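J.: sequence plus predicted model, see below.
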Amino acid sequence: MKNFRHQHSRPKKNTLVVGRAAIIQALKEGKQLERIYMQTTVHGEVIDEIKKLAAINLVPINKVPVEKLNNLNVSNHEGVVAQISKIQYQDLQSVISFVVENGEIPLFIILDGITDIRNIGAIARSAYAMGVQAIIIPDKGVGALNEDAILTSAGALEQIAVCRVQSLMKAVDDLHLNGVKVFASEMTAKAKSYDCNFADPCAIVMGGEEHGIYPTLLKICDESFQIPMPGNFESLNVSVATGIILYEAVRQRQAIK
């Protein structure tokens, strides 16, 4: 088995958009960008325009020291370098409509604050295997879905729909409007995973291991649950926990067929 722990490859030059004018053009043309690396000290009208267009296109901006940009082995970067997305992000409402019109029962995963790309890749791998139709991520505060993430997912990230949204709160509202119930995996919850009805249209929120699910997001979820664990241990790795929960969802759905 390959070890991904220390594998952080430098992006290939053909996956980068270099310089201010090139990035503005890419954003105006609607090119899907994973994120923009922006030198911490740059400013001015052009930089402001990049920030505005990035916000419209839901492209995260990472403020970085110039050494980070120089390490990308590109010249004349003018303080900004963008990475072209390996993932073709989908509109959430379009995905919901497609799933329903295709006669399927929605089963989605929402990732809140998960920054480790190995965990994201592993979650995508389990999600695709278990029939999840979409993974919903915020445009900020999530690990980059780069080549390393895709490699860890065994290619699943290129097969499953990924919806990048400006607000997870708004995404939950949209799911509710479409009759999709939203569950939250929370280790202090009283209900157990097997108490929840995952057979109906639903989305499951998984939080980062350090801070869990953002409190205001947790409040608007329909139900919270925990994975029952007889062992005296604080918590599971988030990708392992996701796999366990999705297996329970599949078990319930197959039981009613």
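T.: Cool, the structure landed.
J.: hey, where'd the strands end up in the stretch 151-257 of the chain?
T.: Assigned by DSSP state E, counting those that start in this stretch, the strands in the stretch 151-257 of the chain fall at 161-165, 181-185, 202-207, 223-225.
J.: worst-scoring helix or strand of the protein, pLDDT-wise?
T.: helix 147-152 (a mean of 88; mean pLDDT, DSSP states H and E).
J.: about what we covered before: including mean neighbour count, mean pLDDT and distance to residue 97, could the strands of the stretch 151-257 of the chain go into JSON lines?
T.: The way it works is simple: take the backbone N, C-alpha and C, and place the C-beta from them, glycine included. Formatted as JSON lines, the strands of the stretch 151-257 of the chain follow (neighbours: other Cβ atoms under 10 Å; pLDDT from 0 to 100; distance: least, Cβ to Cβ, whole Å):
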{"stretch": "strand 161-165", "mean neighbour count": "21", "mean pLDDT": "96", "distance to residue 97": "12"}
{"stretch": "strand 181-185", "mean neighbour count": "23", "mean pLDDT": "98", "distance to residue 97": "18"}
{"stretch": "strand 202-207", "mean neighbour count": "24", "mean pLDDT": "97", "distance to residue 97": "15"}
{"stretch": "strand 223-225", "mean neighbour count": "19", "mean pLDDT": "97", "distance to residue 97": "25"}
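J.: picking up where we left off before, what's the least confident helix or strand of the chain packed up against?
T.: Judged by 3 or more Cβ pairs under 8 Å, 6 or more residues apart in numbering; DSSP states H and E, the packing partners of helix 147-152 are helix 117-129.
J.: list of residues touching stretch 191-198?
T.: Defining contact as Cβ atoms under 8 Å, 6 or more residues apart in numbering, one finds that stretch 191-198 is touched by 107, 181, 183, 185, 204, 223-228, 244-245, 248-249, 252-253.
J.: could you give the average pLDDT over stretch 78-95?
T.: Across stretch 78-95, the average pLDDT comes to 94.
J.: buried residues, that stretch. List them.
T.: By neighbour count with 16 or more other Cβ atoms under 10 Å, stretch 78-95 contains the buried residues 78-83, 85-87, 89-90, 92, 95.
J.: good, wrapping up.
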